[in-house]
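> have a look at this prediction, sequence included:
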Amino acid sequence: MTFSSAGTVDPDGDALRYAWDFNADGSVDSTDPNPTWTFQENGSYTPTVKVTDRTGRSAAATLPLLVGPRAPIVEFVSPVAGQPFQFGQTVAYQVKVTDDLPVDCSRVKVTDDLPVDCSRVKVTYVLGHDEHGHPLSSATGCSGTIATFVDGGHGGADNLTAVFVAEYTDAPTEPGVPPQTGTATVAGLAG
């Protein structure tokens, strides 16, 4: 993995020294401004770069980094943006989820798509109003139906749209690697 110190400057124009700690063990792993580092295991890391100027003043930045499985890709098959719609109708939905592990080239190991557990798919109907939204109903599964309505506080209001949000959180695949979540949104269905 390549890291960059681009954008790091000293207001006085002093030259900077770099100290990178990639695995949070307190030791300097690199002094290069733009180093590369290979994480040997999947997991959550907090690489830190500390920069010091000639006067000894320093600053540090840390980046939470997950090495391992990527977030699932979630897509709506239906409904689609611009689809005819009337508030109060029950809308059929279908969600496609692709949950895969990255290819680990350092170990010459290719991993296949993970099975998708449709019970982990949640679809929420959100009543869009101007620049905000109100979640009003939800359903579970890769396909099904979801009830839509206009709540009492928005009856007769202008600028109402239907927004559908699908979310899928996979199961943890390795110790120390948190589950990943992917989402998809279809907006703009107006009654």
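Structure's in. What do you need?
> quick one: furthest residue from the center of this structure?
In the chain, the greatest distance from the average C-alpha position (CA atoms, centre = their mean) is reached by Thr55, at 40.0 Å.
> helix, strand, or coil at it?
Following DSSP: H, G, I helix; E, B strand; the rest coil, we place Thr55 in the coil state.
> tally of neighbours for the residue nearest to it when sequence neighbours are not counted?
Distances taken as CB to CB, 6 or more residues apart in numbering place Asp14 nearest to Thr55, at 7.0 Å, with adjacent residues excluded. Yep, even glycine has a C-beta here, placed from its N, CA and C like the rest. Number of residues near Asp14 (other CB atoms under 10 Å) recorded here: 13.
> run through this structure and note the low-pLDDT ranges.
For the chain, the stretches flagged by pLDDT under 70 are 100-114, 154-157, 173-174, 189-191.
> which parts of this protein are strands?
Ranges of strands in the chain, per DSSP state E, are 17-21, 43-45, 48-52, 58-62, 65-67, 73-78, 90-100, 113-114, 121-129, 132-140, 143-147, 160-169, 181-189.
> can you redo those as JSON lines with mean neighbour count and distance to Phe3?
Below are the strands of the chain laid out as JSON lines (neighbours: other CB atoms under 10 Å; distance: least, CB to CB, whole Å):
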{"stretch": "strand 17-21", "mean neighbour count": "17", "distance to Phe3": "7"}
{"stretch": "strand 43-45", "mean neighbour count": "16", "distance to Phe3": "12"}
{"stretch": "strand 48-52", "mean neighbour count": "18", "distance to Phe3": "7"}
{"stretch": "strand 58-62", "mean neighbour count": "12", "distance to Phe3": "11"}
{"stretch": "strand 65-67", "mean neighbour count": "15", "distance to Phe3": "10"}
{"stretch": "strand 73-78", "mean neighbour count": "15", "distance to Phe3": "26"}
{"stretch": "strand 90-100", "mean neighbour count": "17", "distance to Phe3": "25"}
{"stretch": "strand 113-114", "mean neighbour count": "14", "distance to Phe3": "29"}
{"stretch": "strand 121-129", "mean neighbour count": "20", "distance to Phe3": "35"}
{"stretch": "strand 132-140", "mean neighbour count": "14", "distance to Phe3": "38"}
{"stretch": "strand 143-147", "mean neighbour count": "15", "distance to Phe3": "42"}
{"stretch": "strand 160-169", "mean neighbour count": "21", "distance to Phe3": "29"}
{"stretch": "strand 181-189", "mean neighbour count": "17", "distance to Phe3": "25"}
